[in-house]
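Undergrad: okay, predicted coordinates and the sequence, questions at the end:
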Protein chains: 2
Amino acid sequence: MKHSPIKRLKVKKGTFLQQRGEVNTKVYRVHAGLLRSYCVDEKGKEHIFMFAPEGWIIADSTPADVPSELYIDALEDSLVLVSEKVMDVKPDFKRIVNRMDTLQKRVIMLLSASASERYEDFIKTYPDIVQRVPQKMIASYLGITPQALSKVKRELYEKDK
Amino acid sequence: MKHSPIKRLKVKKGTFLQQRGEVNTKVYRVHAGLLRSYCVDEKGKEHIFMFAPEGWIIADSTPADVPSELYIDALEDSLVLVSEKVMDVKPDFKRIVNRMDTLQKRVIMLLSASASERYEDFIKTYPDIVQRVPQKMIASYLGITPQALSKVKRELYEKDK
DNA sequence: TAGAATTGTTAACATAGATTAATAGAGATG
DNA sequence: CATCTCTATTAATCTATGTTAACAATTCTA
């Protein structure tokens, strides 16, 4: 396996290490200071995804070839170790990283999307699962009650006329 | 590194692979069928943490020596590959697994806890970060507005008399 | 097939948290 | 020091979603 070089980086408070829309091939390890990642929704509202103090790693978990969803910036003057995401990883490791991506998206949806937005996203992302489990389970996954899901579905249906 | 044996397991719909309070040293890979993991809050309400159809892995991300938070059961007759969590992993990998644990807990809190419960958990889990960032950022992390956090803090203070 | 159990829908009402707006502190900058 | 900007607090209202309850539809099972 290729050894990926690690760079040391001093960043001043307020510096962006990554912005939305950029490629996200890097992983940041915080040696000193404090970083954070956050997204901005359609209404312009910020949602902090994670804080990374000393000893933590922070990165966008979306696949490296996809434009980044997250901003990463320094909340304090920080010392950061920057390494490239390793692409040629073992299949099992890749599954774990995929799952982190899923979890990241889930947190962001729970922070920033309404019940109906979460439902629409769910049926787009897991069209087969919708067929295979009772609706009350989908409601439970979305963090709403079965009654609320029922209403969401009706409103969605009425919208399509 | 020790090679961990993988067992093949046929499970009928409804079978539990793991229940809350058990140790959780296993990782399940779904070969056919559908598994899910879920937690139950104090009010007895279920919150589905994840669905795992064919090709997915599912496990409790909490440290293996800690009693499990999650139930894992089969929603359909399934064929599952069971392996032990590897304990002697590289430090970097351990960080990733730690982060998954954090994300898992975050999702569960967002699904099942109120604003004030999430805040109390936050100050317990990250007492230092509370000191280092403005409150509006903590609100953003918790998925509430700064105004709501202000109210939560006041109510908490009044509770202590 | 009948009856029982589970799941889904609808509606009335309750509530946590959002929104808006006004004010007060607290740091920054001239 | 005075002023400007940013952050925190409080209060009044609004809204999405929860709760409760009744009923309908579906699935199980005897």
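TA: Alright, I've got the coordinates. No experiment lies behind these values; they were computed from the predicted model shown.
Undergrad: let me see the mean pLDDT of the single longest helix found in chain A.
TA: When chain A is parsed with DSSP state H, its longest helix is helix A:91-112. If you average the pLDDT over helix A:91-112, you get 89.
Undergrad: can you tell me the SS state at the closest residue to DNA strand D within chain A?
TA: Closest contact between chain A and DNA strand D, by C-beta to the nearest atom of the strand, is at residue A:148 (3.1 Å). Using the backbone N, CA and C atoms, a C-beta is placed for each residue, glycine as well. The three-state assignment at residue A:148 reads helix, by DSSP: H, G, I helix; E, B strand; the rest coil.
Undergrad: number of nearby residues for it?
TA: Neighbour count for residue A:148, taken as other C-beta atoms under 10 Å in any protein chain shown: 15.
Undergrad: state the distance from it to chain B.
TA: Going from residue A:148 to chain B by C-beta to the nearest C-beta, to the nearest Å gives 13 Å.
Undergrad: that residue against residue A:118, yeah?
TA: No: the pair residue A:148 / residue A:118 is not scored as a contact, 10.6 Å apart, by C-beta atoms under 8 Å.
Undergrad: enumerate the residues of chain A near DNA strand D.
TA: A:114, A:115, A:116, A:143, A:144, A:145, A:147, A:148, A:151, A:152 (C-beta under 7 Å from any atom of the strand).
Undergrad: report the buried members of those.
TA: By neighbour count, with 16 or more other C-beta atoms under 10 Å in any protein chain shown, the residues of chain A next to DNA strand D hold A:115, A:116, A:143, A:144, A:152 as buried.
Undergrad: for the fourth one, give me its contacts.
TA: Okay, so that is residue A:144. Contacts for residue A:144 (C-beta atoms under 8 Å, 6 or more residues apart in numbering or on different chains) come out as A:115, A:118, A:152.
Undergrad: apply 7 Å and report the result again.
TA: residue A:115 (C-beta atoms under 7 Å, 6 or more residues apart in numbering or on different chains).
Undergrad: that one falls within a helix, correct?
TA: No: counting by three-state DSSP, residue A:144 is not part of a helix but coil.
Undergrad: list phi and psi for it.
TA: phi -130, psi 170 (degrees, to the nearest 10).
Undergrad: distance check, it against residue A:151.
TA: For residue A:144, the distance to residue A:151 equals 9 Å [C-beta to C-beta, to the nearest Å].
Undergrad: likewise for the third one?
TA: With distances defined as C-beta to C-beta, the gap from residue A:143 to residue A:151 amounts to 15 Å.
Undergrad: what about the closest residue to residue A:101 other than its chain neighbours, neighbour count?
TA: Distance criterion C-beta to C-beta, 6 or more residues apart in numbering or on different chains; nearest residue to residue A:101, sequence neighbours excluded, is residue A:61 at 4.3 Å. Using other C-beta under 10 Å, residue A:61 is surrounded by 25 other residues.
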